[in-house]
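Engineer: this is a predicted model, with the sequence first.
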Amino acid sequence: MKTFGYSAIAIAILGLSGCMLEGDDGTTGAQGTAGVNGANGTNGLTSLIAQVSLPKGNANCPNSGVQINSGIDTDSSGVLDTAEITTTEYVCTQATTQVDSSELLTNLNNDWFVEGEREVNTAKTNWLNTTSTPVVTTQSTDSKSVKAKTLTDLKGSAKNVILFVGDGMGISTVTAARILEGQLAGKLGEENQLSFDKFPFAGLAKTYNVDAQTPDSAGTMTAMMSGVKTDVGVIGVDEDIERGDCSTVAGNELFTALELAEMAGKSTGVISTARITHATPAATYAKSADRNWEDISDMPEDAVTAGCKDIADQLVNFESNLEAKVAGIDVDGIEVVFGGGRRHFLPKDAAYNSTDASSSVEGDRTDGRDLTAEWQTMYTTGSYVMDQTGFDAIDTTMTERVFGLFNESHMQYEADRKNDIAGEPSISEMTSKAIDILDNNSEGFFLMVESGRIDHSHHAGSAYGALTDTIEFSNAIKKAVDMTDMSDTLIIVTADHGHVFTIAGYPKRGNPILGKVVNVGSDEPAEASDGMPYTTLGYTNGLGFRDLGAETNADATYAFEHAAGRHDLTDIDTTTPGYHQEALVPKSSETHSGEDVGVYASGPAAFLVNGTQEQNMIFHIMDFAANLTEKANAAKP
């Protein structure tokens, strides 16, 4: 075997041709007698050369090349058969030892590589657009009049701020919801992106409370709304509070981003799929020594006697409470309130039941007050709505403010919403309607949107419920992105905390995220060491396994005793809405986790979301972007 590089020798081999011998022409000498013709000779054999192109990776030419076979066509077939080859030579493509960047992209023309380059370029563009947009002065036209944006230039550049909070939406929840959404659309799933996955800036937030390693929603949301970390279970107050002690509230109250926005002249809104008096939404407007004081019937007598107000009361009287706290200011109150929790606003009297009441007595209040009626008396031009019909009738061009309470307690899970008695809007619909109302204010708006039932479905041990609510939450975020302008609207998406929710095993790419683990190269469920199949998704603790079939209400699990531990899933369809994942440690309800949560940001000053930050930093980023504190202070007489 001979091996050559491409060169003149290769050209010579490929250009071989026949040749002739020439002798004397016999023009001299005497002419003799003609001889006798000789006998015919036997036919000669034909020599053949054949060449074969070699692909990259060939053992003889790793970088590709040509194999040249030569031999005698002994059977006169005109084809050089394998047995007829007498010589084989190789002309190989030389390996590249140096490449420039353009050649590298050509040689590594791989989809993942190209996508990575695209994302890097997008990130650079986002950074430049956010931090280095030229600012032209009016004093001159020379080069000195153009300068890069500084932090001072960026402060206050957000006219609008929207904070989206997925309650309990930890990293594993985002990942699993992303995959499920993709698989529901017919994709493998892992490559899919939720709407906020596409945001240009992201980081992590540390969720611990001042007194707790694993937090609750009251302390975490207070940190996000006020910029101050605080204790578990308290709303809108700092760590000097003693939970449950009304007397410790005074002097420890914190201003929230929503209150500052009100003072700055912006419109404001609060949306939640949970009760609107629940911890997360309450932290935008209330001050309470206990998150459970949702109405007066939840409060101890000494707290009521001492003058503390329940959370529902504080929502309805938000405007007067804020004006009393800051002398001389004039605010117009929260323009949009959408959520559940109607029972905390109504008297404990069947005469006040709503048309879709599910309890014989809907209201919980023991003071006889109907706060929905008080709100309507206070805001005569406002609209109070309690079902889908009332919601759909809202004219966003004419409506000044709206108070919507769509359920006696929490609103329905997204998967269960069609079963609501009187119908209720989705979180996407509520977000869209709120923005249409709030953006009527030329000064801009502040809006908080909570998907509260992601958390509740995890507590119930239902991945299906948590993930479908997360997907709908992503849809709501997309609505907000489509309806606003990134140049003047800061949108932050985050969670208050995570859950003990896991993605485990070694399932192959595209394996149903709600299904049993099927390993790479297999079509059958993998077995654990106990000989039974297991699911990709699971919980560390909780009520555990349920096979409730088509049941879409995750809370149905609470009707049964816990069933923690392993179960034989061989004949169980784990992808149904009613399947609840196995749990290791038996608990009456699955718990929160202490993990960091994702923070995703788009719009003015979004680049301040980066790395791993304390959770209260979210307030400071919103405050900086919209300059809320300075504008609020400027509004005071």
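Structural biologist: Sure, I can see it. Keep in mind it's a predicted model, so treat the numbers as computed, not measured.

Engineer: alpha carbons only for contacts and neighbour counts from here, please
Structural biologist: Fine.

Engineer: ok, which stretches of the stretch 501-637 of the chain are helices?
Structural biologist: Taking DSSP state H, counting those that start in this stretch as the test, the helices found in the stretch 501-637 of the chain are 617-626, 628-635.

Engineer: and the contacts of the shortest one?
Structural biologist: Under the contact criterion CA atoms under 8 Å, 6 or more residues apart in numbering, helix 628-635 has outside partners 156, 257, 260-264, 329, 622-623.

Engineer: try stretch 607-624
Structural biologist: Residues contacting stretch 607-624 (CA under 8 Å, 6+ apart): 127, 130, 155-156, 161, 201-207, 220, 223-229, 257, 490, 599-601, 605-606, 628-629.

Engineer: tell me the buried residues in that stretch?
Structural biologist: Residues of stretch 607-624 classed as buried by neighbour count (16 or more other CA atoms under 10 Å): 607-609, 613-624.

Engineer: what do you get for stretch 512-532?
Structural biologist: 512-519, 525-526.

Engineer: over to stretch 278-295?
Structural biologist: Quick answer for stretch 278-295 (16+ other CA under 10 Å): 278-295.

Engineer: distance of Asp197 relative to Arg566?
Structural biologist: Distance of Asp197 to Arg566, given as CA to CA, to the nearest Å: 34 Å.

Engineer: what ranges does the stretch 301-450 of the chain have for its strands?
Structural biologist: 336-340, 383-385, 402-405, 445-451 (DSSP state E, counting those that start in this stretch).

Engineer: pipe these into JSON lines and attach distance to Gly549 and mean neighbour count per row.
Structural biologist: Listed next are the strands of the stretch 301-450 of the chain as JSON lines, based on distance: least, CA to CA, whole Å; neighbours: other CA atoms under 10 Å:
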{"stretch": "strand 336-340", "distance to Gly549": "27", "mean neighbour count": "27"}
{"stretch": "strand 383-385", "distance to Gly549": "34", "mean neighbour count": "19"}
{"stretch": "strand 402-405", "distance to Gly549": "31", "mean neighbour count": "24"}
{"stretch": "strand 445-451", "distance to Gly549": "25", "mean neighbour count": "27"}
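
Engineer: possible to save those strands as TSV with mean pLDDT?
Structural biologist: Shown next, in TSV, are these (pLDDT from 0 to 100):
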stretch	mean pLDDT
strand 336-340	98
strand 383-385	98
strand 402-405	98
strand 445-451	98
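
Engineer: of those, which is nearest Leu537?
Structural biologist: Closest to Leu537 of the strands of the stretch 301-450 of the chain, according to CA to CA: strand 445-451, at 21.1 Å.

Engineer: what's around the residue lying closest to Asn440 once chain neighbours are set aside, how many residues?
Structural biologist: Nearest residue to Asn440 in three dimensions, chain neighbours excluded: Thr397, at 7.7 Å (CA to CA, 6 or more residues apart in numbering). Other residues lying near Thr397 total 11 when counted by other CA atoms under 10 Å.

Engineer: hang on, isn't Thr397 packed against Asp439?
Structural biologist: No - applying CA atoms under 8 Å, one finds Thr397 not in contact with Asp439, separated by 9.9 Å.

Engineer: in stretch 191-206, what's buried?
Structural biologist: 192-197, 199-206.

Engineer: contacts for it, please.
Structural biologist: Stretch 191-206 has contacts (CA under 8 Å, 6+ apart) with 123, 126, 178-179, 181-182, 471, 474-475, 477-478, 493, 595-602, 606-607, 609-615.

Engineer: how far does that stretch stretch from one end to the other?
Structural biologist: Stretch 191-206 has an end-to-end distance of 27 Å (CA to CA).

Engineer: what do you get for stretch 602-612?
Structural biologist: Terminal-residue distance, stretch 602-612 (CA to CA): 17 Å.

Engineer: distance from the chain centre to that stretch, please.
Structural biologist: In terms of CA atoms, centre = their mean, to the nearest Å, the centre of stretch 602-612 is set 15 Å apart from its chain centre.

Engineer: and if you look at stretch 335-342?
Structural biologist: 25 Å.

Engineer: for stretch 363-376, same thing?
Structural biologist: 38 Å.

Engineer: and for stretch 82-89?
Structural biologist: With CA atoms, centre = their mean as the basis, stretch 82-89 stands 62 Å off its chain's centre.

Engineer: quick one, phi psi at Phe201?
Structural biologist: Backbone torsions for Phe201, taken as degrees, to the nearest 10, come to phi -130, psi 140.

Engineer: that older thread, out of the contacts of helix 628-635, which two sit at the greatest distance?
Structural biologist: Ile329 and Met622 (21.9 Å).

Engineer: what about the protein, any weak spots by pLDDT?
Structural biologist: Applying pLDDT under 70 to the chain flags the ranges 1-44, 95-117, 119-120, 123-124, 127-128, 130-152.

Engineer: thinking again about what came up before, which of the buried residues of stretch 191-206 fall within strands?
Structural biologist: 201-206 (DSSP state E).

Engineer: before we move on, the earlier item: quick one: which of the contacts of stretch 191-206 sit in strands?
Structural biologist: Among the contacts of stretch 191-206, the members found in strands (DSSP E) are 493, 597-602, 612-614.

Engineer: farthest pair within the residues you listed?
Structural biologist: It's Ser602 and Glu614 that sit farthest apart of the ones in strands among the contacts of stretch 191-206, by CA to CA, at 18.9 Å.

Engineer: tell me where the stretch 101-250 of the chain has helices.
Structural biologist: Going by DSSP H, counting those that start in this stretch, the stretch 101-250 of the chain shows helices at 101-107, 111-131, 151-154, 171-184, 217-226.

Engineer: centre of the chain to the fourth one, how far?
Structural biologist: Helix 171-184 sits 8 Å away from the centroid of its parent chain (CA atoms, centre = their mean).

Engineer: show me what that helix is packed up against.
Structural biologist: Applying 3 or more CA pairs under 8 Å, 6 or more residues apart in numbering; DSSP states H and E, we find helix 171-184 packed against helix 463-483, strand 501-503.

Engineer: what would these look like in JSON lines with distance to Ala373?
Structural biologist: Shown next, in JSON lines, are the helices and strands packed on helix 171-184 (distance: least, CA to CA, whole Å):
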{"stretch": "helix 463-483", "distance to Ala373": "30"}
{"stretch": "strand 501-503", "distance to Ala373": "42"}
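
Engineer: out of those, which is the most enclosed?
Structural biologist: Per-stretch averages of neighbours, counted by mean count of other CA atoms under 10 Å, single out helix 463-483 among the helices and strands packed on helix 171-184, with a mean of 23.

Engineer: tell me which other helices or strands it touches.
Structural biologist: strand 160-166, helix 171-184, helix 427-438, strand 445-451, helix 453-459, strand 579-580.
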